[in-house]
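Participant: Got a predicted structure here, sequence first:
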Amino acid sequence: MNPAKPDWHTVAGAFACIVLLTLPFAHSVAIRTVAGSIAWVAALAAWRKLTVPRIPLLWLFAAWAALGLLSLTWAVDPEYSAGELKTELLYPFLTFVLFFALSDLQWLERFRRTLMVATLLAFVSAAYWAAFSDWGRTDGFFNGPGMYSTYLVGVYPFALVWILRPESNVRERWMSAAVMAAIALGGAFTYNRMLWIVLAVQTVLILAVQAGRRLDASTMRRLALVATATAFVFGGALYGISSKRFAVDPTAPEAVAETAASDIRLKIWPRAVERIAERPFTGAGFGRGALRQDLRDEFGHGMYWHAHNVVLNHGVSMGVWGIAIILFAFGGVLVLFWRAWRSGDTAVAPYALAGVAVVVGMFLKNMTDDLFIRQSALLYWALAGMILGAHARRPRA
């Protein structure tokens, strides 16, 4: 009797889920690397049976890699830039292709549920950190205020859409409500102000897109009411966080002026624009920290070593070509998600709508502090791969 052959698709998918579980946590590189490697080996073993559709966006990664490799010839720190190419480009590319190859409608839902579980576990870690650590520290498995708040932007739309989705059952809605509560409480622990602005934009965007299919006067009134309520809820959270973080009334004119005057980004951004103008077609070499030592010396603080803006960082590192690449990285995925939403595929549409909100949210979140790196970038490209992979396998109308 011949032994049963392993289901390599299931093996690969299971280890891909482990990769997703690690994304909100610090000190998880080893687990993620091992799980991702096993997932890739299993995926290659099942590749013929997977019947992988044509993979989109390969041109983007090819152009990105070519530009990054070329930048090593004039990089300020070639060794640093070479290391960043592996971490910030190779790994996201492998993640995107892996999830695209594995994802069908069944696995897409499994991946989404895995992210919801990861979000709940991350909240426990964040709560422990908030109770026993000082602000700004990343002890234990908490991934730090910046990375954690960016992660929340990437998962929030999948909870909100599933609460609003008519097909969701009671259990799915309760699970999504629990995740949204974890996001709200966990987000408060980070004291990150931009988080609440982005969550408000994502909420209004999702509601507006859904309402757009049945736009009438009554729907417009409800949308206006919900948008107003959203502004009050998230605006209140922003007010409370700002009051707690700066121990002032953030609406007072003198507080606004003092906060703006002390915000180092208002000094870093113009300096970054100057650096781009100095080397508009080459940049300083791949990686947001290509000029890290110069900026630390100039601003006299260890935290101020990059432009704190994803577009400016790519301009500093790779000139105008880098700016074009990162805009395509967001815009290209946004267009593909929007097409999936508009395709009439009701099974994939909720995921695609959540994906649209993720792209918008990630872009906005990284306008004030560039955290489109490491786990945040892996989350973004995993979401892109799983949604686009499932959509590519669906029959066309």
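Facilitator: Received the coordinates, thanks. Here the structure is a predicted model, which means the values were calculated and not measured. Residues are numbered from 1 along each chain as shown.
Participant: Would you map the helices across the stretch 251-397 of the chain?
Facilitator: 253-262, 265-278, 292-299, 310-342, 349-365, 374-393 (DSSP state H, counting those that start in this stretch).
Participant: Leu90: which of the ones you listed is closest?
Facilitator: Checking these against Leu90 by Cβ to Cβ gives helix 374-393 as the closest, at 11.3 Å. All C-beta spots, glycine's among them, are computed from the backbone N, C-alpha and C.
Participant: The closest one - contacts with which helices or strands?
Facilitator: In terms of contacts (3 or more Cβ pairs under 8 Å, 6 or more residues apart in numbering; DSSP states H and E), helix 374-393 is packed against helix 8-22, helix 91-102, helix 105-132, helix 145-164, helix 310-342, helix 349-365.
Participant: tell me which helix or strand of the chain sits lowest on mean pLDDT?
Facilitator: Of all helical and strand segments in the chain, the minimum by mean pLDDT, DSSP states H and E falls on helix 253-262, at a mean of 50.
Participant: quick one on the thing from earlier: with distance to Leu195 as extra columns, can I get the helices and strands packed on helix 374-393 in TSV?
Facilitator: Converted to TSV, the helices and strands packed on helix 374-393 look like this (distance: least, Cβ to Cβ, whole Å):
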stretch	distance to Leu195
helix 8-22	21
helix 91-102	22
helix 105-132	12
helix 145-164	4
helix 310-342	16
helix 349-365	7
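Participant: just so I know, which of these lies nearest Val41?
Facilitator: In terms of Cβ to Cβ, the element of the helices and strands packed on helix 374-393 nearest to Val41 is helix 8-22, at 8.0 Å.
Participant: Could you give the average pLDDT over the closest one?
Facilitator: Helix 8-22 shows a mean pLDDT of 98.
Participant: cool, stretch 40-55 as well?
Facilitator: Computed over stretch 40-55, the mean pLDDT rounds to 96.
Participant: Give me the buried stretch members for it, please.
Facilitator: By neighbour count with 16 or more other Cβ atoms under 10 Å, stretch 40-55 contains the buried residues Trp40, Ala42, Ala43, Ala45, Ala46, Leu50, Val52.
Participant: can you tell me how far Val273 sits from Asn366?
Facilitator: 17 Å (Cβ to Cβ, to the nearest Å).
Participant: Same check on Val316?
Facilitator: Computed as Cβ to Cβ, the Val316 to Asn366 distance reads 14 Å.
Participant: likewise Phe372?
Facilitator: Remark: distance between Phe372 and Asn366 (Cβ to Cβ) = 5 Å.
Participant: Find the residues that touch each one of the two.
Facilitator: Taking Cβ atoms under 8 Å, 6 or more residues apart in numbering as the contact rule, Phe372 and Asn366 both touch Thr150, Val310.
Participant: What is the end-to-end distance of stretch 285-300?
Facilitator: 22 Å (Cα to Cα, to the nearest Å).
Participant: Quick one: mean pLDDT for it?
Facilitator: Averaged across stretch 285-300, pLDDT comes to 87.
Participant: if we can go back for a sec, what about Val273 and Asn366, which has more around it?
Facilitator: The neighbour comparison of Val273 against Asn366 (other Cβ atoms under 10 Å) goes to Asn366, with 24 against 15.
Participant: Just give the nearest non-adjacent residue to the more buried one, would you?
Facilitator: Spatial nearest neighbour of Asn366, excluding adjacent residues (Cβ to Cβ, 6 or more residues apart in numbering): Val310 at 3.9 Å.
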